[in-house]
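1. got a sequence here, can you build the structure:
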Amino acid sequence: MNTISKATSENILAAKSAATLRRSSLLQRGNSVAMASFSRLLQLGLAQFIYGQTIFLGVLGHLLERKKAVPSARGNSVAMAPFSRLLRLGLAQFIYGQTIFLGVLGHLLESKKAAKSAAMRRWSSLLSLSLIALALCACQGPWSYWPEEKEEYRGVYTIAYVIDGRPVTGVCFQRLLALDETLSENFAYYDSASVTISGNFSGSDTTITLSPQSVKPNCFDGPSDMIAKRGKTYSFDAVMHWDSAGRAVTSHYTATASIPSVFSISHAYTPTVNGERRELFYGDTSLTLSYPNDMLTYNFVPEFDDAVRGVLVTIKYDNVNGGENVDNSINKMMSSFMDESILTYSPYDSVKQSDFMENFKFGDVNSIDTLFFMSFQIPLRSVDFYFYATDQGYVDFVNTTLASAEDPRIIPVTNVKGGNGFFSGVAVDTFNLYMGWSKEDDVEFYAAKGVTNCRDTSWSTKACRDYLYTFCADSNYVASECYAPAVKVALEKNEVWDSLLPPEIDSIAKQEAYWDGMKRYCIANNFPASQPGCSLNYNDCQVSETLNSCKEVLWNWCADRGWPLKNSPQCGTALVSRYRLNNLNSDVLKQVVNTWCEENTDDPQCDYQK
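-> This is a model prediction of the structure:
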């Protein structure tokens, strides 16, 4: 792509240079000299013309064939989405070549005809203007869009799936939020909900009822002992009673999905620096490859049937003991702009979505016949690849619903009747690999990188706050950021508050650790009256009307835990103060705050709400 972009830039510059040649100079040199000067440029323009035409018409021809196999309800938007970039590339090359070729030809014709007659010059000018107008019409612009009556969906999106060999989990419903509306995923947007899935679970046909999750009640889980099965069809049914723009409504969503019967990873191959490939088996060991061999690919060959319409891949990695070989092509390219290496995976997560590939055909070849991973994409130590074979419902969601956010011409396609989103049947296979390294490789480990990143952000993110106490315990609280956690842990163990602090710290640092650690202890334990140091923190966090650092620490503590109002009542008071002081815009949060204040009339923060 870089080569194409560079060549295209050079072509544009060449065309601009040709257009600025003085007409008088051409007339003086004569037609033969002019032809010699422009012959190479003509060849270049013609080559770009043919190259772009080949790409554009070739892909367009494939899509026209594919459209015959696509139900008319989907339309062109489904077929066009996976190839939009390739079509744009071909069209761009077509236009650039056309502009260069015809533009230069127009100049030569104009030069030749200028020596003959004024009439011919007028025809040449008219021809040039026509060619320019034709080229402009081929460009992307407002004329590429067509008006149509399209009602935008403003309701609830369903994200639901059944995976073979697993219980049903993570069936989620998400409202479309306004641009200035605050996300409230820890609180139910509905008044009541009934969610069921019917089909074969654990060997028998039955209907299971899903229950809302405790931390994210807009997501639902089924019974843990009800396992879905390959080759079976499942029916989804959900009824939601909720408030939509101040009006009570009832929404009913239904969908059907089938889990593919045939899908597995039949073969896997590792690359080698000598160009050969070695077959891999589950649990095998391979070695990471450094630049420039890091672009060599690991190949996974699946066995599948026609029901598999796409493959989604996620990678589970070891973020405690694992790491990455940073001697790769990406870091080589970025070394001139950045001093530190870039990691492909987060030190704070252990699972990452890698790629999604739709299953379509080029002749007799399927796009998922081989799944590729470049060497630098695979972390070190134990790695689990999860290959999820999806049905058409998920493919339509990716190609239309998600793609329509970037291109309004694409009309979303959904298999959820009464709503939007998807309900998908998924078959899964896994492959385990241990990725090793040699002493010559440049390796960075996630644990060390995670600490560095957190120090750069003053441990201000949720991921860093979650990781802080593990890091401090493993390092015996010797780092300065661990002084306050040491005090908190000591108080929770009913030990002397400074028993875990390093003996060499000075009195000022020790005093700061006490106040910060006491604040953390009081917040986490709901300001116990038995601890005298919590009275001041209670006043700052729970009673004070104004914003202060204690409130911010409390807000983060509650948010990191999903705002557990029932088990941690200090978070109810915190939500009321945050809603007011941050001017949060959310009908859901407004209802939660009002309900809290009705049930807790002695809450000091509720007095400020009135």
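
2. work out which residue lies at the spatial centre of the protein.
-> Per C-alpha atoms, centre = their mean, the C-alpha nearest to the average position across the chain is that of residue 353, at 8.1 Å.

3. quick check: buried residues in the strand or helix carrying that one?
-> For residue 353, the host element (DSSP states H and E) is strand 351-358. Within strand 351-358, the residues scored as buried using 16 or more other C-beta atoms under 10 Å are 352, 354, 358. Quick note: C-beta positions are derived from backbone N, CA and C, even for glycine.

4. how about stretch 285-296?
-> By 16+ other C-beta under 10 Å, the buried positions in stretch 285-296 come out as 286, 287, 288, 289, 290, 291, 293, 294, 296.

5. kindly report the same for stretch 193-211.
-> Going by neighbour count (16+ other C-beta under 10 Å), the buried part of stretch 193-211 is 193, 195, 197, 199, 200, 201, 208, 210.

6. and for that stretch, what's in contact with it?
-> Stretch 193-211 is contacted by residues 162, 168, 171, 173, 212, 220-223, 225-229, 232-241 when judged by C-beta atoms under 8 Å, 6 or more residues apart in numbering.

7. over to stretch 358-378?
-> 62, 66, 82, 271, 288-289, 293-302, 304, 308-311, 313, 315, 324-325, 328-330, 344, 354, 357, 385, 387, 395, 398-399, 433, 435.

8. could you do stretch 253-260 as well?
-> 156, 158, 160-164, 228-240, 304-305, 307-308, 389, 391, 393, 415-419, 422-427.

9. same question for whichever strand in the chain runs longest, mean pLDDT?
-> With secondary structure taken from DSSP state E, the chain has its longest strand at strand 420-436. Taken as a whole, strand 420-436 has a mean pLDDT of 97.

10. what segments of the stretch 351-500 of the chain are helices?
-> With helices called from DSSP state H, counting those that start in this stretch, the stretch 351-500 of the chain shows them at 392-396, 446-456, 462-474, 483-492.

11. winner for burial among those?
-> Most buried of these, by mean neighbour count (mean count of other C-beta atoms under 10 Å): helix 392-396, with a mean of 24.

12. for that helix, packing partners?
-> Here helix 392-396 touches strand 310-317, strand 420-436, going by 3 or more C-beta pairs under 8 Å, 6 or more residues apart in numbering; DSSP states H and E.

13. please repeat the previous calculation with a cut-off of 10 Å.
-> Helix 392-396 sits against helix 76-80, strand 156-163, strand 247-258, strand 310-317, strand 351-358, strand 420-436, with contacts defined as 3 or more C-beta pairs under 10 Å, 6 or more residues apart in numbering; DSSP states H and E.

14. same list, the ones you listed, but as CSV with distance to residue 493 please.
-> As requested, these are exported to CSV (distance: least, C-beta to C-beta, whole Å):
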stretch, distance to residue 493
helix 76-80, 60
strand 156-163, 42
strand 247-258, 50
strand 310-317, 33
strand 351-358, 33
strand 420-436, 38
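
15. out of the ones you listed, deepest packed?
-> Greatest burial across the helices and strands packed on helix 392-396, using mean count of other C-beta under 10 Å, falls to strand 156-163, with a mean of 23.

16. after that one, next one along is what?
-> That would be, after strand 156-163 and using DSSP H and E, strand 171-175.

17. partner strands of that following strand, parallel or antiparallel?
-> With DSSP bridges as the test, strand 171-175 is paired with strand 156-163 (antiparallel), strand 219-221 (antiparallel).

18. next, format those as a markdown table and append distance to residue 254.
-> Output for the strands paired with strand 171-175, formatted as a markdown table (distance: least, C-beta to C-beta, whole Å):
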| stretch | distance to residue 254 |
| --- | --- |
| strand 156-163 | 10 |
| strand 219-221 | 15 |
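
19. now the ones you listed in a markdown table, with mean pLDDT?
-> Output for those, formatted as a markdown table (pLDDT from 0 to 100):
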| stretch | mean pLDDT |
| --- | --- |
| strand 156-163 | 96 |
| strand 219-221 | 98 |
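
20. right, and those strands - which one's nearest residue 276?
-> Judged by C-beta to C-beta, the one of these that comes nearest to residue 276 is strand 156-163, at 36.2 Å.

21. do a quick rundown of the strands in the stretch 251-400 of the chain.
-> Ranges of strands in the stretch 251-400 of the chain, per DSSP state E, counting those that start in this stretch, are 263-271, 277-280, 284-287, 297-304, 310-317, 323-325, 351-358, 361-362, 365-366, 371-374, 381-390.

22. one more: the stretch 101-250 of the chain?
-> Along the stretch 101-250 of the chain, the stretches classed as strands by DSSP E, counting those that start in this stretch are 156-163, 171-175, 190-201, 204-209, 211-212, 219-221, 233-244, 247-258.

23. in a markdown table, list the ones you listed along with distance to residue 513.
-> Formatted as a markdown table, the strands of the stretch 101-250 of the chain follow (distance: least, C-beta to C-beta, whole Å):
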| stretch | distance to residue 513 |
| --- | --- |
| strand 156-163 | 44 |
| strand 171-175 | 41 |
| strand 190-201 | 45 |
| strand 204-209 | 50 |
| strand 211-212 | 41 |
| strand 219-221 | 39 |
| strand 233-244 | 47 |
| strand 247-258 | 53 |
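
24. which of those strands sits closest to residue 184?
-> Where these are weighed against each other on C-beta to C-beta, the nearest is strand 171-175, at 9.2 Å.

25. show the average pLDDT along the closest one.
-> Taken as a whole, strand 171-175 carries a mean pLDDT of 95.

26. tell me which residues of it come out buried.
-> Here strand 171-175 shows 171, 173, 175 as buried, counting by 16+ other C-beta under 10 Å.

27. repeat that for stretch 371-382.
-> So for stretch 371-382, counting by 16+ other C-beta under 10 Å, buried means 371, 373, 374, 375, 376, 377, 378, 379, 380, 381.

28. where in the chain is pLDDT low?
-> Residue ranges of the chain with pLDDT under 70: 1-150, 245.

29. which one of the helices of the stretch 351-500 of the chain lies nearest to residue 404?
-> helix 392-396 (11.2 Å).

30. residues contacting the closest one, please?
-> Applying C-beta atoms under 10 Å, 6 or more residues apart in numbering, the external contacts of helix 392-396 come out as 70-71, 74, 77-78, 81-82, 159-161, 255-258, 307-310, 312, 356, 358-360, 388, 399, 402, 412-416, 421-426.

31. now the nearest residue to residue 343 once chain neighbours are set aside, which residues is it bridged with?
-> Leaving aside its sequence neighbours, residue 343 sits nearest to residue 324 (C-beta to C-beta, 6 or more residues apart in numbering; 5.5 Å). Beta-bridge partners recorded for residue 324 (DSSP bridges): residue 444.

32. test my guess that residue 324 contacts residue 318.
-> No - contact criterion C-beta atoms under 10 Å: residue 324 and residue 318 do not qualify, at 11.2 Å.

33. between these two, who's got more neighbours?
-> Legend: neighbour count by other C-beta atoms under 10 Å for residue 324 and residue 318, higher for residue 324 (29 against 18).

34. for residue 443, see how far away that one is.
-> Residue 324 is 7 Å from residue 443, where distance means C-beta to C-beta, to the nearest Å.

35. give the residues shared as contacts by those two.
-> With C-beta under 10 Å, 6+ apart, residue 324 and residue 443 have common neighbours 288, 380, 437.

36. isn't residue 240 right up against residue 248?
-> No - counting by C-beta under 10 Å, residue 240 stays clear of residue 248, with 11.3 Å between them.
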